[in-house]
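Model the structure of this input:
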Amino acid sequence: HKLGPEPNQPNTLDNCSDGTGGNYHSDESLDAIFISSDSGEDITEGSTVTVKADAWCWDNGRYDFIYFFHASDATDPDWNLTGRIQCTGGGKQTLSVSH
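Here you go, the predicted structure:
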C-alpha cells in the first residue's frame, strides 16, 4: 500500500518536503502527533504539555527513534531537544514525552 504526499503540504518549518518513497506500514512512518496540556487547561506559554506520537516502527524497533524538539518561536525557531525515545518493538508504537 503506497501513499503519496500529504494533501496540505508543505507542513514543515524547513525545506524537508514530503515524498512518495516508501511503503505505508512496511517502512517507518509517523502516523499522528497529539499535544495536550498536562493541567487539562488551554496550552499557553509556559504550560507543561505531553506530546504523543503514533509511529510505525520497523522490524523489532531497535534502530528506530523519535526525537522530540521544541522552539519558543515558530517563525524563527531555535530547536531544543526535548527527548529521544526508542521504539520498544515493531509495528504501531505510541511514544510520548512531557515538557
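
okay, which residue of this structure is out on the far edge from center?
Relative to the centre of the chain, and counting by Cα atoms, centre = their mean, the farthest-placed residue is residue 41 at 22.3 Å.

Contact partners for that one?
residue 47 (Cβ atoms under 8 Å, 6 or more residues apart in numbering). Placement of C-beta: from N, CA and C, glycine included.

Apply 6 Å and report the result again.
Listed by Cβ atoms under 6 Å, 6 or more residues apart in numbering, the contact set of residue 41 is empty.

from now on call the first residue 527
That works, and once the first residue is 527, the last one we named lands at residue 567.

what pLDDT does residue 598 get?
With respect to pLDDT, residue 598 scores 86.

From residue 621, how far off is the residue farthest from the centre of the chain?
24 Å (Cβ to Cβ, to the nearest Å).

Residue 607 too?
From residue 607 to residue 621 the distance is 14 Å (Cβ to Cβ).

now residue 571
On the measure of Cβ to Cβ, residue 571 and residue 621 end up 25 Å apart.

neighbour count winner among those two?
residue 621 (21 against 5; other Cβ atoms under 10 Å).

Under a three-state scheme, what state does the more buried one occupy?
strand (DSSP: H, G, I helix; E, B strand; the rest coil).

So for it, what's the nearest residue that isn't a sequence neighbour?
residue 611 (4.5 Å; Cβ to Cβ, 6 or more residues apart in numbering).

Bridged to that neighbour, which residues?
Assessed by DSSP bridges, residue 611 has beta-bridge partners residue 592.

Compute the number of surrounding residues for it.
16.

From residue 562, how far out is it?
From residue 611 across to residue 562, the span is 17 Å (Cβ to Cβ).

and if you look at residue 608?
For residue 608 relative to residue 562 (Cβ to Cβ), the value is 15 Å.

can you give me the strands in the chain?
Under the criterion DSSP state E, strands of the chain are mapped to 555-563, 575-583, 591-596, 606-612, 617-624.

Quick one: low-confidence residue ranges for this protein.
The chain contains residues with pLDDT under 70 at 527-537, 539-540, 543-545.

Just list the residues touching residue 579, thanks.
Applying Cβ under 6 Å, 6+ apart, the residues near residue 579 are 559, 592, 621.
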